[in-house]
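Give me coordinates for this.
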Amino acid sequence: MAQKIVTVYTDDLTGAESDEVRTHIFSLDGVNYEIDLVSDNYDKLFEALAPFIEKGRKTGRASGAGRVRKASADGPSAEEIRAWARENNYQVNDRGRVPSSIREAYEKAR
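As a prediction, this is how the structure comes out:
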């Protein structure tokens, strides 16, 4: 049996699918947020925050802030691993990081 795995990147604001989606991290009141956006929507976010950034004081970078991430196109997505784990009777959360033990089991099964 052949299997084809397709990774779809989705803008969190609009739900639009695009290869141009990137993860952006920002903080407010000590809470870190991350959001996946295409560049046009990131520009909207930046424009909305620009007046506050301009008048605010820098306190240094929060650890991990400012990095733009994109999921690796080489490996399986977390959702693909979750689906495999459920099919193989592993308990896995719907959100968050997939435990390394499940990732390792997935890799061994392939």
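
how about the spatially most central residue of the chain, secondary structure?
In the chain, the residue lying closest to the centroid (C-alpha atoms, centre = their mean) is Thr23, at 5.5 Å. At Thr23 the chain is in strand, as set by DSSP: H, G, I helix; E, B strand; the rest coil.

Surely it is in contact with Asp36?
Yes: the criterion here is C-beta atoms under 8 Å, and Thr23 meets it with Asp36 at 5.2 Å. From N, CA and C alone the C-beta is placed, and that goes for glycine too.

picking up where we left off before, state the distance from the residue nearest to the centre of the chain to Tyr106.
Relative to Tyr106, Thr23 is positioned 22 Å away (C-beta to C-beta, to the nearest Å).

again, but for Asn32
Taking C-beta to C-beta as the measure, Asn32 falls 28 Å from Tyr106.

Of the two, which one has the most company?
Tyr106 (19 against 12; other C-beta atoms under 10 Å).

what residues are up against the more buried one?
Tyr106 sits next to 76, 81, 84-85 when contact means C-beta atoms under 8 Å, 6 or more residues apart in numbering.

His24 too?
Neighbours of His24 in contact, by C-beta under 8 Å, 6+ apart: 34-37, 42, 45, 68.

about what we covered before: where does the residue nearest to the centre of the chain land on pLDDT?
Thr23 is assigned 92 on the pLDDT scale.

Please apply the same query to the one 5 residues further on.
pLDDT for Leu28: 87.

returning to that earlier point: check the gap between the residue nearest to the centre of the chain and Ala105 for me.
Distance from Thr23 to Ala105, by C-beta to C-beta: 26 Å.

Then Asn93?
For Asn93, the distance to Ala105 - C-beta to C-beta - is 16 Å.

between these two, who's got more neighbours?
For Asn93 and Ala105, the more surrounded residue by other C-beta under 10 Å is Ala105, and the numbers stand at 16 against 9.
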